[in-house]
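Colleague: here is a sequence together with a model predicted from it:
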Amino acid sequence: MEAGAHVWISDAEGDDAWLLAEVLKRTEEELKLQEVDKPGNVFTRPRLTQSTSSDDAPVELKYEGVELANTPLSDADREEGRDDDLITLPHLHEPAILHAVSDRFYHGKIYTWTGPVLIAVNPFQRLPLYTNEILEAYRREGLLRSQNLGGGKEKLGPHIYSIADSSYRQMMSEKRKSQSILISGESGAGKTEP
């Protein structure tokens, strides 16, 4: 974490759980940071106790409530779907997940993969995500994938239809694999909405 690096810092006192900050100065004892959106807000974070390495390998210094930030994606990267799966993030921790899901939501994408798990954020409005055309596109992609022919011309993004198609195809395959789908969320979050 050199000067100029972007990091997430925990914020127990404010409205946000994590703030994006820039490293101003790093010493053996503490890290001096300033909030990116409000450069007047300057923070210090103490260094956590460091475990020693048995070999001569350098040990990374850790600071209290500080996590490295991922490099922001360009619009072209988003168009290619590089933000579809959180597993592809270089740094995968609480603030990275919260930021990535929030950023996707801001860009109108309520579904996000994290490996084989689908995360959905309730948009609190009706969206045209469940049309017959979209259903057919995911059915076609699943059919091609089940025959080892890859996906369609363009890779479809995360969607509940992908989960449903994959589960159905595995259940109906020669191996007849049993399937379970867990849907969780707060009361009123839209778990039973069509």
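Modeller: Perfect, I can see it now.

Colleague: after the longest strand along the chain, which helix or strand is next?
Modeller: Looking across the chain with DSSP state E, the single longest strand is strand 18-26. Remark: after strand 18-26, the chain's next helix or strand is strand 30-35, criterion DSSP states H and E.

Colleague: counting contacts, what elements does that next one pack onto?
Modeller: strand 18-26, strand 42-46 (3 or more C-beta pairs under 8 Å, 6 or more residues apart in numbering; DSSP states H and E). (Glycine included, C-beta is placed from N, CA and C.)

Colleague: would you mark the buried spots in the longest strand of the chain?
Modeller: By 16 or more other C-beta atoms under 10 Å, the buried positions in strand 18-26 come out as W18, L19, L20, A21, V23, R26.

Colleague: list just the nearest of the residues you listed to S162.
Modeller: W18 (29.4 Å; C-beta to C-beta).

Colleague: need the contact list for the closest one.
Modeller: W8, I9, S10, D11, E67, E94, P95, L98, H99 (C-beta atoms under 8 Å, 6 or more residues apart in numbering).

Colleague: need those residues in a markdown table (columns: distance to E141 and neighbour count).
Modeller: Formatted as a markdown table, the contacts of W18 follow (distance: C-beta to C-beta, whole Å; neighbours: other C-beta atoms under 10 Å):
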| residue | distance to E141 | neighbour count |
| --- | --- | --- |
| W8 | 35 | 23 |
| I9 | 41 | 21 |
| S10 | 40 | 17 |
| D11 | 41 | 16 |
| E67 | 35 | 18 |
| E94 | 32 | 12 |
| P95 | 32 | 23 |
| L98 | 29 | 14 |
| H99 | 28 | 17 |
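
Colleague: hmm, which of the residues you listed is lowest in pLDDT?
Modeller: Least confident by pLDDT among the contacts of W18: that is D11, with 90.

Colleague: wait, isn't it in contact with L20?
Modeller: No - D11 is not in contact with L20 according to C-beta atoms under 8 Å; the separation is 10.5 Å.

Colleague: okay, now the unreliable bits of this protein?
Modeller: Scanning the chain for pLDDT under 70 picks out the ranges 50-59, 151-154, 194.

Colleague: buried sites along the longest helix anywhere in it?
Modeller: Looking across the chain with DSSP state H, the single longest helix is helix 132-146. Neighbour counts over helix 132-146 (16+ other C-beta under 10 Å) mark A137, Y138, E141, G142, R145 as buried.
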